[in-house]
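Asks: Take this sequence and fold it.
(one chain, ligands or ions: 1)
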Amino acid sequence: MSLPAWAVATPARRAHVARVAALAERWAEALGVTPAERVRWLRAVWLHDALRDAPAADELAHGPASAARAAAEGETDRGVLDAVHYHSVGYAGWDDVGRMLYLADYLEPGRTFDAGVRAELAARVPDERDAVLREVARRRIQRMVSEGWRLPPETADFWNALVSR
Ligand SMILES: [Fe+2]
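Replies: All right, here's what the predicted structure looks like:
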């Protein structure tokens, strides 16, 4: 699998997406998911940043833009489309596709911050997926709050769903 033909992505972005895909594959293998489920995870991975480097894209707009384009190009899987649409902010309605993409996007080894902690979290995913998901959401949301950024309502709903399970 690879980026769609309509992707607008720099070489660095392509390398990031390839690392996210490798991590998702590793988890799919470790968890023994079906080939069909593994392909759903990978479709979302290869789509999620496809328009990240397009002229009008920004941090919050590129997920919805990529999901809309993917749907226009024939993607019909709601779990895949929701994973792509909300990957920057989180979404309470996600199935496993959205959850695995959110984890892999943050925990892929090419990001330079907190490398040790993130590697440990990545290694725990096959055994403690939901605990790691909560920790990753906590870290991502903590960063948004400490930077003084606005918290999208989807993010608050996502967090509330994670802590009320
Ligand atoms: Fe990404």
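Asks: count of neighbours near the closest residue to Ala115 other than its chain neighbours?
Replies: Spatial nearest neighbour of Ala115, excluding adjacent residues (Cβ to Cβ, 6 or more residues apart in numbering): Pro109 at 7.2 Å. Quick note: C-beta positions are derived from backbone N, CA and C, even for glycine. Using other Cβ atoms under 10 Å, Pro109 has 13 neighbouring residues.
Asks: and the gap between the residue in the chain sticking out farthest from the centre and Glu154?
Replies: Within the chain, Gly148 marks the point farthest from the mean C-alpha position, 22.4 Å out by Cα atoms, centre = their mean. Separation of Gly148 from Glu154 (Cβ to Cβ, to the nearest Å): 19 Å.
Asks: Please apply the same query to Met100.
Replies: Taking Cβ to Cβ, one finds Met100 at 18 Å from Glu154.
Asks: Next: Gly90.
Replies: 6 Å.
Asks: the more surrounded of those two?
Replies: Between Gly90 and Glu154, Gly90 has the larger neighbour count (other Cβ under 10 Å), namely 24 against 16.
Asks: which residue sits closest to the more buried one, ignoring its sequence neighbours?
Replies: Using Cβ to Cβ, 6+ apart, the nearest residue to Gly90 is Phe158, at 3.3 Å.
Asks: can you give me phi and psi for that neighbour?
Replies: phi -60, psi -50 (degrees, to the nearest 10).
Asks: Listing request: residues of this protein with sub-threshold pLDDT.
Replies: The chain contains residues with pLDDT under 70 at 165.
Asks: which residue ranges form the helices in it?
Replies: 11-31, 35-48, 62-72, 78-85, 96-107, 115-146, 153-163 (DSSP state H).
Asks: what residues are up against Pro64?
Replies: Applying Cβ atoms under 8 Å, 6 or more residues apart in numbering, we find Pro64 in contact with His85.
Asks: Quick check: the gap between it and Arg40.
Replies: Relative to Arg40, Pro64 is positioned 19 Å away (Cβ to Cβ).
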